[in-house]
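*Asks:* take a look and give me a structure for this.
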Amino acid sequence: MNDEWGTMNRNHLTPTSLRQRRAAALALWRLRAPILAFEWDAGWGLDRTVVDELFRSAVSAPDEQSDGRYRRTAAELSRAPLFDSEVDDPNVRELVQLETLVRLLAFGEALAEPAEDQGEEQGEDQVEFIVEGPRDLAHYVDQCVEASFYDHPSQDAHRQYLAALPEPVRSHGLGYFASRNLAVEHACVETLPTLSTADGLLDTPAGRDLIARCEDFGTELAATLKWLGTTGH
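*Replies:* A predicted model of the protein is given here:
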């Protein structure tokens, strides 16, 4: 990046670093529905309002105030009992949720001012880790659907979607959810350079359209997680 992604002064965000930040925020939003659509294990000790606030802060206008709010909320989340223990043998839904929580905390770490000996690479690594989240989890869910003893209720629609994919998405040979995530990610990459640098993603029609695409993906992923939990694979 041309500027430190985690710098405290958002007035000095370069176009490249701002796009990286927003790409990470949109990647998180694609995992929002799968974590908020279900009740959590009471032992996790998570506050639903805290988790939802992190998603909304991530897509807000980038400035010192909103970033400080995100870091404080992430610190509150990290004090939940969940992070002082291990979840034994998580099911598919829980694994997706746990991986999402880790990435919500990673976003806060990327916003923090880096130590002098860490430089830009730490922030870049955190962004890539976040962006890879929906890629890896979508592929994992595809594998679980494929390994299921039951036919997915939307399998015909999924096959039609894959058959109709344009290049370059089709050339990757991915499953349904991994392909859908890639298509949404490509749409985000193409649109982000055109957005106003001063507004949050929910403040402009183009930004709201990207949020809606990510929400649609997450909602469908959550429905399949519910189906996997009902069928027991």
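*Asks:* from residue 155, how far off is the residue nearest the centre of the chain?
*Replies:* Against the mean C-alpha coordinate of the chain, by Cα atoms, centre = their mean, the closest residue is residue 28 at 1.9 Å. Computed as Cβ to Cβ, to the nearest Å, the residue 28 to residue 155 distance reads 28 Å. C-betas here are computed from N, CA, C, even on glycine.
*Asks:* please enumerate the helices of this protein.
*Replies:* 15-29, 32-36, 48-58, 64-78, 92-111, 119-147, 155-163, 176-191, 205-231 (DSSP state H).
*Asks:* what residues of the fourth one count as buried?
*Replies:* Using 16 or more other Cβ atoms under 10 Å as the burial criterion, the residues of helix 64-78 that qualify are 66-67, 69-71, 73-74, 77.
*Asks:* one more: the first one?
*Replies:* Using 16+ other Cβ under 10 Å as the burial criterion, the residues of helix 15-29 that qualify are 17-29.
*Asks:* next one: the last one
*Replies:* For helix 205-231, the neighbour count (16+ other Cβ under 10 Å) marks 207, 210-211, 213-214, 217-218, 220-222, 224-225, 227-228 as buried.
*Asks:* just the longest one next, same as before
*Replies:* Neighbour-count burial for helix 119-147 flags 120, 122-124, 126-127, 129-131, 133-135, 137-142, 144-145 (criterion: 16+ other Cβ under 10 Å).
*Asks:* other SSEs contacting it?
*Replies:* Applying 3 or more Cβ pairs under 8 Å, 6 or more residues apart in numbering; DSSP states H and E, we find helix 119-147 packed against helix 15-29, helix 92-111, helix 176-191, helix 205-231.
*Asks:* if we go to 10 Å?
*Replies:* helix 15-29, helix 32-36, helix 92-111, helix 155-163, helix 176-191, helix 205-231 (3 or more Cβ pairs under 10 Å, 6 or more residues apart in numbering; DSSP states H and E).
*Asks:* same question for the fourth one.
*Replies:* When contacts are defined as 3+ Cβ pairs under 10 Å, 6+ apart, helix 64-78 sits against helix 48-58, helix 92-111.
*Asks:* looking at those helices, which is buried most?
*Replies:* helix 92-111 (a mean of 20; mean count of other Cβ atoms under 10 Å).
*Asks:* okay, the helices and strands packed on helix 64-78 in a markdown table with mean pLDDT and distance to residue 178 next?
*Replies:* Shown next, in a markdown table, are the helices and strands packed on helix 64-78 (pLDDT from 0 to 100; distance: least, Cβ to Cβ, whole Å):
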| stretch | mean pLDDT | distance to residue 178 |
| --- | --- | --- |
| helix 48-58 | 96 | 22 |
| helix 92-111 | 95 | 14 |
